[in-house]
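Student: Kindly return the folded structure for what I paste below:
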Amino acid sequence: MESKLNLDFKLVEQARAHAAQVADETQRFIDGYTTVAVERTICRLLGIDGVSGGETLDITGENSLGVPLPSVVVDYLMEKGALSQGAAFWLGNAMVETGKNPQVLAEEVAAGTLDLTALPVHAEADIHAALAPIVEESLKKIRTRRKRREDFIASHGGEKNGPWVYLIVATGNIYEDIVQATAAARQGADVIAVIRTTGQSLLDYVPYGATTEGFGGTYATQENFRLMREAMDKVGEELGRYIRVCNYCSGLCMPEIAAMGAFEGLDVMLNDALYGILFRDINMQRTLVDQSFSRAINAYAGVVINTGEDNYLTTADAVEEAHTVLASQFLNEAFALKAGLPEEQMGLGHAFEIDPDVENGFLYELAQAEMAREIFPNAPLKYMPPTKFMTGNVFRGHVQDALFNMVTILTGQKIHLLGMMTEAIHTPFLSDRFLAIQNAQYIFRTMQDLGSEIVFKDGGIMQTRANEVLKKATDLLGQIEQLGIFETLERGIFADIKRPRDGGKGLDGVVSKTPGYFNPFLEPMMKGGAVK
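Tutor: Residues are numbered from 1 along each chain as shown. Alright, predicted model coming up:
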């Protein structure tokens, strides 16, 4: 790609090298640890589902209504001090000893009739052999889901050219979400994102079953995923185009939710390496281990991840701190590559968040977006709309969204989270979404090829701005390489937020691996799940 911004690609290479070194060092830490979320995920991938007692789990997590069986098994192993060898080891060993499958074993643990750690220990080769058919069955299920998506797209004219119009539903009731999502798809949405209920990222378990009582969003559960996917398949057949479904594998259950999404055919997942640390005060050790496995699952399932750099600009100034967004994009890319996720599945995030009162602010926004496109040419970049400086003035808001739409089409952004003129007033009405879609479609249609028709002034405002941001990002990544990711986060270099290495939520769920530990899914998932 020829650079309109006259970027110094030697600096780009240097920035990538710094980020790769940070990822390599961090991976050495990650390889030595597991977490309760990783082990619950392995249980789910081995076919364990449901709740103790067979009843639906109450959203408060009250044990009287049952506990998710993956949580039962992992909590039991934690209490026994045995999780360091991994859930797969103990379940596989019990399979060899009893001939029972993981689901039955989990039910017996929940009933208190089986002590996994008291059984005779069998040879490692026998344990692996017992698990192998179940591992392959699970992987095949995910591959089949991925192929179903790919076949649908291929049979309906191929992938859409231009941006994917991304719309949010957030009623709290999955059945009402489906009504709104169906309407949005018929109005022109390409991606339906179901916002999670407030606080779910801090739950250290995944609720079970369909839910109707979320606040500010809808609970992420496997049944809710299934229901939304089924509904979007139905409307997609009606419309003759594929409708993607997005949810959030972030927080304390990153890999679990990634696995649930892979099973149910979700297409896009919010999945950032640092977001939970910075914005949810989740322990950095916990998050870094969890994000690695969650990305391997997403890679295998063909899921596009969305990273959360846009959140930096809601706490820090978008002009002064733009380089931290670029630095984080480089880091997210490096961490994703370590997990086997290809560039084509990296929806690296950024946002249109400069104060409208800044002179030439639009030029800075355009320069930032073009820079991201030139540096990450194969990534389906996720571009977020103006939110921080939206007011109750819906007319100005509609203009701000129009300028945002223009930057998207001029710079080839792919995942376009639609701006709403009623941002900061209320949850969008169907009519608000319809007007927002019309705004975007009008601009995308009338400016479709404008980006390829224009060039930027040599030495002008945009070239100067982009190269300044690139230089500062490269210098910052050099500093992070020297410090390491843990000290970087402790110093508050990102978004001016300081987090202690041993603080935050979820640290008690981090466990050092012991000899004999294995995760039977990690290696095959990192090799990719495309059906040849």
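Student: rest of the way, CA atoms for contacts and neighbours
Tutor: Will do.
Student: what residues are up against the residue of the chain most remote from its centre?
Tutor: Distance from the C-alpha centroid of the chain peaks at residue 120, with 40.1 Å (Cα atoms, centre = their mean). Taking Cα atoms under 8 Å, 6 or more residues apart in numbering, we find residue 120 in contact with residue 97.
Student: In three-state terms, label it for me.
Tutor: Three-state call for residue 120 (DSSP: H, G, I helix; E, B strand; the rest coil): coil.
Student: cool, residue 140 as well?
Tutor: Classified using three-state DSSP, residue 140 is helix.
Student: Please enumerate the strands of the chain.
Tutor: Using DSSP state E, the strands found in the chain span residues 33-35, 164-169, 191-194, 244-248, 268-270, 304-306, 346-347, 349-351, 382-384, 415-417, 510-512.
Student: could I get those as TSV with distance to residue 128?
Tutor: Below are those laid out as TSV (distance: least, Cα to Cα, whole Å):
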stretch	distance to residue 128
strand 33-35	19
strand 164-169	42
strand 191-194	38
strand 244-248	32
strand 268-270	31
strand 304-306	31
strand 346-347	32
strand 349-351	39
strand 382-384	40
strand 415-417	41
strand 510-512	21
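Student: Rebuild those as TSV, extending it with mean pLDDT and mean neighbour count.
Tutor: Listed next are the strands of the chain as TSV, based on pLDDT from 0 to 100; neighbours: other Cα atoms under 10 Å:
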stretch	mean pLDDT	mean neighbour count
strand 33-35	98	24
strand 164-169	96	24
strand 191-194	98	26
strand 244-248	97	25
strand 268-270	97	25
strand 304-306	97	28
strand 346-347	98	29
strand 349-351	96	26
strand 382-384	97	26
strand 415-417	98	24
strand 510-512	98	19
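Student: just so I know, which of the ones you listed lies nearest residue 102?
Tutor: Taking Cα to Cα, strand 33-35 is the member of the strands of the chain nearest to residue 102, at 19.5 Å.
Student: and the closest one, how far out from the chain's middle?
Tutor: Between the centre of strand 33-35 and the centre of its chain there are 19 Å (Cα atoms, centre = their mean, to the nearest Å).
Student: about what we covered before: for the residue farthest from the centre of the chain, report the pLDDT, please.
Tutor: Reading off the confidence values, residue 120 has pLDDT 97.
Student: I'd like the distance between it and residue 93.
Tutor: Separation of residue 120 from residue 93 (Cα to Cα, to the nearest Å): 8 Å.
Student: Convert the C-alpha atoms of the least confident helix or strand in the chain by mean pLDDT to CSV, please.
Tutor: When each helix and strand of the chain is scored by mean pLDDT, DSSP states H and E, helix 312-315 comes last, with a mean of 83. The C-alpha trace of helix 312-315 is given here as CSV (Å, rounded to 0.1, in the frame of the first residue of the first chain):
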residue,chain,number,x,y,z
TYR,A,312,-8.5,5.2,26.3
LEU,A,313,-9.9,8.3,24.7
THR,A,314,-12.9,8.4,27.0
THR,A,315,-10.5,9.0,29.9
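Student: change the start of the numbering to 23 and stick with it
Tutor: New numbering, starting at 23: the last item is helix 334-337.
Student: That one - contacts with which helices or strands?
Tutor: Helix 334-337 is packed against helix 344-360, with contacts defined by 3 or more Cα pairs under 8 Å, 6 or more residues apart in numbering; DSSP states H and E.
Student: could you dump the helix it packs on to PDB, C-alpha only?
Tutor: Provided in PDB are the C-alpha atoms of helix 344-360 (Å, rounded to 0.1, in the frame of the first residue of the first chain):
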ATOM      1  CA  ALA A 344      -3.300   9.400  20.400                       C
ATOM      2  CA  HIS A 345       0.000   7.600  20.400                       C
ATOM      3  CA  THR A 346      -1.100   5.400  23.300                       C
ATOM      4  CA  VAL A 347      -3.900   4.100  21.000                       C
ATOM      5  CA  LEU A 348      -1.400   3.200  18.300                       C
ATOM      6  CA  ALA A 349       1.000   1.600  20.800                       C
ATOM      7  CA  SER A 350      -1.900  -0.500  22.200                       C
ATOM      8  CA  GLN A 351      -2.800  -1.600  18.700                       C
ATOM      9  CA  PHE A 352       0.700  -2.800  18.100                       C
ATOM     10  CA  LEU A 353       0.600  -4.700  21.500                       C
ATOM     11  CA  ASN A 354      -2.800  -6.200  20.700                       C
ATOM     12  CA  GLU A 355      -1.500  -7.300  17.400                       C
ATOM     13  CA  ALA A 356       1.600  -8.900  19.000                       C
ATOM     14  CA  PHE A 357      -0.400 -10.700  21.700                       C
ATOM     15  CA  ALA A 358      -2.900 -12.000  19.100                       C
ATOM     16  CA  LEU A 359      -0.200 -13.300  16.900                       C
ATOM     17  CA  LYS A 360       1.300 -15.200  19.900                       C
END
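Student: Contacts for it, please.
Tutor: For helix 344-360, contacts defined as Cα under 8 Å, 6+ apart pick out 37-38, 41-42, 44-46, 49, 294-295, 314, 317, 329, 331-332, 334-335, 364-365, 368, 370-372, 390, 394, 491-492, 494-496, 498-499, 516-517.
Student: Could you rerun that using 6 Å?
Tutor: 41, 42, 45, 331, 491, 494, 495 (Cα atoms under 6 Å, 6 or more residues apart in numbering).
Student: Sort out which residues of it are buried, please.
Tutor: 344-360 (16 or more other Cα atoms under 10 Å).
Student: again with stretch 259-275
Tutor: 263-275.
Student: Alright, I will stop here.
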